[in-house]
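S.K.: quick one: sequence plus predicted model below, questions after.
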Amino acid sequence: DVKVTQSSRYLVKRTGEKVFLECVQDMDHENMFWYRQDPGLGLRLIYFSYDVKMKEKGDIPEGYSVSREKKERFSLILESASTNQTSMYLCASGQGQTDTIYFGEGSWLTVV
Amino acid sequence: SQQGEEDPQALSIQEGENATMNCSYKTSINNLQWYRQNSGRGLVHLILIRSNEREKHSGRLRVTLDTSKKSSSLLITASRAADTASYFCARTGGYNKLIFGAGTRLAVHP
């Protein structure tokens, strides 16, 4: 079975903390994505990566960075968490240009 | 960014009834993917339909695609309470990025 695993389901962090959200896929996929989902705003793409050490900005990259040192792992980094980054974060992966994209279970981040 | 629209935004039906959700988009597509999301959970992939396909089935699910109208529909037949969820369509952009619609919230009452 296809597996995209997000390491943390629920996190509570303080304003100004550095936050790491980890995502691992076991399908040898080239492409990996980070989305955030907010009520009324839907799913918005933060960053994506199409290869190891490659990254591209999505629609809302401000305040975030990413790391992809290994093909199976894609990390989202909040350098200095702020309350407006309280959200549900979803990692996804896929192969090629037109194949199915698979999602993880999501990480609920609360910044206080 | 949301570049598709789902219709209706919310749908409430009784168990056993069929549920139809529609999705429109503005630009040409390679494929369209439908997902289900239970409250507070991740997205579960339902069906991928390619631009050269008109209809696909998976169990009680049927997806149609009309590229001339830039629209797709998801039909759930004989709905169950467990089908209660939000349903999203997403078209594929460059690098296989997904561009989502706002989703339809389906409530199936026993």
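M.R.: Looks like it arrived, so ask away.

S.K.: show me the contacts for B:G42.
M.R.: A:V4, A:Q6, A:L90, A:F103, A:G104, A:E105, A:G106 (C-beta atoms under 8 Å, 6 or more residues apart in numbering or on different chains). (Each C-beta comes from the backbone N, C-alpha and C, glycine too.)

S.K.: where does the closest residue to the fourth one other than its chain neighbours fall, phi/psi-wise?
M.R.: Spatial nearest neighbour of A:F103, excluding adjacent residues (C-beta to C-beta, 6 or more residues apart in numbering or on different chains): B:L43 at 4.1 Å. The main-chain torsion angles of B:L43 are listed as degrees, to the nearest 10 and equal phi -90, psi 130.

S.K.: what is B:L43 paired to in the beta sheet?
M.R.: Beta bridges link B:L43 to B:Q37, judged by DSSP bridges.

S.K.: per-residue pLDDT, it?
M.R.: The model reports B:L43 with a pLDDT of 95.

S.K.: picking that back up, list only buried entries from the contacts of B:G42.
M.R.: A:V4, A:Q6, A:L90, A:F103, A:G104, A:G106 (16 or more other C-beta atoms under 10 Å in any protein chain shown).

S.K.: where exactly do the strands run in chain A?
M.R.: A:4-6, A:10-13, A:19-25, A:31-38, A:42-49, A:56-57, A:65-70, A:73-78, A:87-94, A:101-103, A:107-111 (DSSP state E).

S.K.: one more: chain B?
M.R.: B:4-7, B:10-14, B:19-25, B:31-37, B:43-50, B:55-58, B:61-66, B:71-76, B:85-92, B:98-100, B:104-109.

S.K.: mind checking how far the last one is from the chain centre?
M.R.: Right, strand B:104-109. 13 Å (C-alpha atoms, centre = their mean, to the nearest Å).

S.K.: likewise the fifth one?
M.R.: The chain centroid and the centroid of strand B:43-50 are separated by 8 Å, computed with C-alpha atoms, centre = their mean.

S.K.: other SSEs contacting that strand?
M.R.: strand A:101-103, strand B:31-37, strand B:55-58, strand B:61-66, strand B:71-76 (3 or more C-beta pairs under 8 Å, 6 or more residues apart in numbering or on different chains; DSSP states H and E).

S.K.: all set, thanks.
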